[in-house]
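Undergrad: I would like the atomic coordinates for the input below:
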Amino acid sequence: MNNRRNQQEAQKNESNESDPARVFTVRYVLALSLVAALIVTGQVLVQFSLMQQEQDARTINIAGRQRMLSQRIHAHVLTAERETDIDRLRARTVTLQRDIALWKRSHDGLRYGDVGLGLPGKNNPEIQVLFVSLEPHFIAMKAVAEEVVTMGEATDATPIDLDPQVLTVLRHEGSFLDTMDRIVHVYEKEAAARVAKLQRIELLLMASALLILALEAAFIFRPAVRRIRASVSELTRASKVFQQLSLSDGLTGIPNRRCFDVVYQRELRRAIRNSESLSIVMIDVDNFKEYNDNFGHQYGDICLTRIAQTLRNNARRPGDFVARYGGDEFVVLLPNTDARGAHDVANKMQNAAKALKIQHSSPNVQGALTISTGVVSAKLTPSDKMSSGLLRAADAALYRAKSVRAAYIANASLKEDRLGASHDFKVTVLETS
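TA: Next up is the predicted model:
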């Protein structure tokens, strides 16, 4: 049981490996899957890059705003010191208090993160060190600003004395601004590095996709195209072979009746169109039935093959056409040939058949095998109708030649004749024996 199962699996694997369509499909699906995965990965990276750039831009913007808020707080402290109107001083302290709150929240958000502000708070060690050095200056300035708010809310008269607070702000502001500039610079450098990294990854993905497409073209489409071309060539060759088989006689190798019908219609149309002569030689092997009965079908087939080759060898012009008409009958089509030329061709074929010296010994026949020919030639014009009259005339001429062959010598007789009222053209009938 196990051996049988193993054999079945082995046969299945061998069948899968030998199936070109299956191999092509698997490779193609795999290549498409890889390309699709790269495209999806690229899109994910693009979206991530956009989110990262937006986050970096927000971080850099808020970090830069910290500098601006520190300068505004300094300006509020200086203005509060010179303010002479109590209402304006109270309004100034409210604005100062709001700026302090935003300043502090942004500072903490940059250090530790703030979802509302969109700050991740994941700083690298360099930025963390800078924030540690910034912290004393921030605390000192924030404390002074909050003290000014308290004094502004509590006082009943202006101006108020803020010289110590102003000096403290001046003492820490420079260091604060310098450190914030360095933090912003590091943020910008870090953002640029991330963008460059994402660009390299995207280039790598694009190169990978192009490589996969190149491999797909080399190992999938190119072999497939070769196989398709080979299959098309094989089908074309097979089609030509089948066409030749359908239009050639399987025994003698010359064209068959079907092929003759096609060529005859074509040459008939051409002769009518060009007002040319068209001749037909209908040929029959004399007493072939007796020969076949006496020597057997095998020798009869050899006899027909030799005669067919002899007839073809004596149809020397490029347009001359020899075909097996059926049984022991052959037909020769002679385009642009008049009656005298067709008569000469028929005589050459008769003599060539005799020269084969195919012995025919039977009670009714003694000597070599011969052929009878009936020749018809017509001068066609565009006014003539397309009909089968020429073929019927050739067949009638052959019948007449066979029925009276004993009364004729090799050179035969030539005469004008109308073979039936259905013919639309005048033919020259030549009977030879």
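Undergrad: From R58, how far off is P120?
TA: Counting by CB to CB, to the nearest Å, the gap from P120 to R58 is 10 Å. Backbone N, C-alpha and C define where each C-beta goes, glycine included.
Undergrad: whoops, I mixed them up, A145
TA: 25 Å.
Undergrad: So which of those two has more stuff around it?
TA: Neighbours were counted for A145 and for R58 using other CB atoms under 10 Å; A145 has more, 26 against 14.
Undergrad: avg pLDDT for the helix or strand where the more buried one lies?
TA: Using DSSP states H and E, A145 falls within helix 125-154. Averaging pLDDT along helix 125-154 yields 92.
Undergrad: just stretch 347-365 next, same as before
TA: The model assigns stretch 347-365 a mean pLDDT of 83.
Undergrad: Need the contact partners of that stretch.
TA: Contact partners of stretch 347-365, identified using CB atoms under 8 Å, 6 or more residues apart in numbering, comprise 281, 283, 286-287, 290-291, 294, 303, 306-307, 310-311, 313-314, 332, 366-371, 373, 410-412, 432.
Undergrad: Ramachandran coordinates for the closest residue to D301 other than its chain neighbours?
TA: Excluding the flanking residues, the one nearest D301 by CB to CB, 6 or more residues apart in numbering is L251, at 5.7 Å. In terms of degrees, to the nearest 10, the main-chain angles of L251 are phi -90, psi -50.
Undergrad: Same question for T158.
TA: The phi/psi pair for T158 (degrees, to the nearest 10) reads phi -130, psi 160.
Undergrad: how near is it to R82?
TA: Taking CB to CB, one finds T158 at 9 Å from R82.
Undergrad: Counting neighbours around each, name which of those two comes out higher.
TA: For T158 and R82, the more surrounded residue by other CB under 10 Å is T158, and the numbers stand at 16 against 11.
Undergrad: Any idea how far the helix ranked longest in the chain is from the middle of the chain?
TA: As assigned by DSSP state H, the longest helix anywhere in the chain is helix 20-82. Relative to the chain's own centre, helix 20-82 is displaced by 39 Å; criterion: CA atoms, centre = their mean, to the nearest Å.
Undergrad: Now for this protein, the helix or strand with the poorest mean pLDDT.
TA: strand 413-417 (a mean of 40; mean pLDDT, DSSP states H and E).
Undergrad: Remind me which helix or strand V225 belongs to.
TA: Assigned by DSSP H and E, V225 falls in helix 222-247.
Undergrad: between that helix and helix 20-82, how many degrees?
TA: 150 degrees (axes from the mean of the first three to the mean of the last three CA atoms, to 10 degrees).
Undergrad: Can I take it that V281 is in a helix?
TA: No: applying DSSP: H, G, I helix; E, B strand; the rest coil, one finds V281 to be strand, outside a helix.
Undergrad: what about the closest residue to it other than its chain neighbours, neighbour count?
TA: Of all residues not flanking V281 in the chain, V332 sits nearest, at 3.9 Å (CB to CB, 6+ apart). By other CB under 10 Å, 27 other residues sit near V332.
Undergrad: Wait, V332 touches I280, no?
TA: Yes: if you go by CB atoms under 8 Å, V332 and I280 touch, sitting 7.1 Å apart.
Undergrad: for W103, what are its contacts?
TA: Neighbouring residues of W103 by CB under 8 Å, 6+ apart: Q66, L69, S70, I73, K142.
Undergrad: how about a cut-off of 6 Å?
TA: The contact partners of W103, by CB atoms under 6 Å, 6 or more residues apart in numbering, come to L69.
Undergrad: check which helix or strand covers it.
TA: Counting by DSSP H and E, the element that carries W103 is helix 86-112.
Undergrad: Now that helix: buried residues?
TA: 89, 92-93, 96-97, 99-100, 103, 106-107, 109-111 (16 or more other CB atoms under 10 Å).
Undergrad: if you average pLDDT over that helix, what comes out?
TA: 92.
Undergrad: quick one, it and helix 20-82 angle?
TA: Following the same axes, to 10 degrees, one obtains 150 degrees for the angle between helix 86-112 and helix 20-82.
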